[in-house]
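In: following is a predicted model, sequence given first.
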Amino acid sequence: MTNGHINPANVPDIALKDGHSIPQIGLGVLRIDDDGVTPVVESALEAGYRHIDGAAGYNNEAGVGRALAATGYNTGAKRETLWVTTKLRDSQQGYDSALRAFDDSLAKLQLDYVDMYMIHWPTPFDWRSGEAWKAFVKLREEGRARTLGVCNFMPADLKRLYEETGSRPAVNQIELHPTWQQREVVAYCKEQGIAVEAYSPMARGADLNAGDGAIARIAEAHGVSPAQVILRWHIENGTIIIPKSVHAERQRENLDLFGFALTAEEHAAIDALDGPTRAGHDPATFTYA
């Protein structure tokens, strides 16, 4: 147990430069509707997840909030064991608009604070992240957002944010999986003490078949699933991961990564799968929500 987080599934915490620590495995809730997300979060909490990764742009914060309230994880001692992330809509970047957006998110989540608030996309073609970040700092000073992060920021975006605000995020959440490893971004983040968090950690399932069966062969050698092999690779790299699953059995499988380890050769074989094609969107041109 560190920073108040109790991990029934023995998930380690990753220490952040701001003094907080985040459970290395969380539940992603992208593309789950507001009604459907409530039982998904409830089953994840029952399975032992203590990290929920959401966003205003997912349009399901109210459903997450209902799950937290129903299970008692929105207040008191149980709340302190849980890490909840949400993200600012791109359309609400700016100072005053970010403050209003945060109030709305907090009300929907039925929480007094979030563990991490993040800028969702940098939108360099319509840059307002500097002003949004100043609002984020105010929220942190008020104790309503404990850790501040960004998503999809490339080194140029991180440098620009630092030049405008004099500070860096504690976490950068990026698309990261065996066939899209973003090594330059990861290296820059590590140099600056920014923890890396991976979304689409299996390329939405596409990487399960990567490497002409390499993942499947490693899985067979350990008696685990191909998904567990990829997620274990992330764990061994020190990356925070937020795999999504709406199925309770798969949620439990995605937590069960600590009964085996990859050999050096197996880890290197997955490293060698890196390729030139992302599964998601280009942060230089994309805006979301």
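Out: On my side now, so go ahead.
In: just the helices in the stretch 101-250 of the chain please.
Out: Using DSSP state H, counting those that start in this stretch, the helices of the stretch 101-250 of the chain run over 129-141, 155-165, 183-191, 214-222, 226-237, 248-255.
In: of these, which is nearest Thr86?
Out: helix 129-141 (11.5 Å; C-beta to C-beta). Yep, even glycine has a C-beta here, placed from its N, CA and C like the rest.
In: list the buried residues for the closest one?
Out: 129-136, 139-140 (16 or more other C-beta atoms under 10 Å).
In: can you name every helix or strand that it contacts?
Out: Counting by 3 or more C-beta pairs under 8 Å, 6 or more residues apart in numbering; DSSP states H and E, the packing neighbours recorded for helix 129-141 are helix 95-109, strand 114-119, strand 145-151, helix 155-165.
In: please work out which of those is packed deepest.
Out: Most buried of the helices and strands packed on helix 129-141 by mean neighbour count (mean count of other C-beta atoms under 10 Å) is strand 114-119; its value is a mean of 25.
In: run the chain-centre distance for that one.
Out: Computed by C-alpha atoms, centre = their mean, to the nearest Å, the chain-centroid distance of strand 114-119 equals 10 Å.
In: go on, stretch 10-22?
Out: 13 Å.
In: surely Cys189 is in contact with Val196?
Out: Yes. Using C-beta atoms under 8 Å, Cys189 is in contact with Val196, at 5.2 Å.
In: common neighbours of those two, please.
Out: Shared contacts of Cys189 and Val196, defined by C-beta atoms under 8 Å, 6 or more residues apart in numbering, comprise Asn172.
In: if we can go back for a sec, export the helices and strands packed on helix 129-141 to CSV and tack on distance to Val246 and mean pLDDT?
Out: Below are the helices and strands packed on helix 129-141 laid out as CSV (distance: least, C-beta to C-beta, whole Å; pLDDT from 0 to 100):
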stretch, distance to Val246, mean pLDDT
helix 95-109, 19, 98
strand 114-119, 23, 98
strand 145-151, 22, 98
helix 155-165, 32, 98
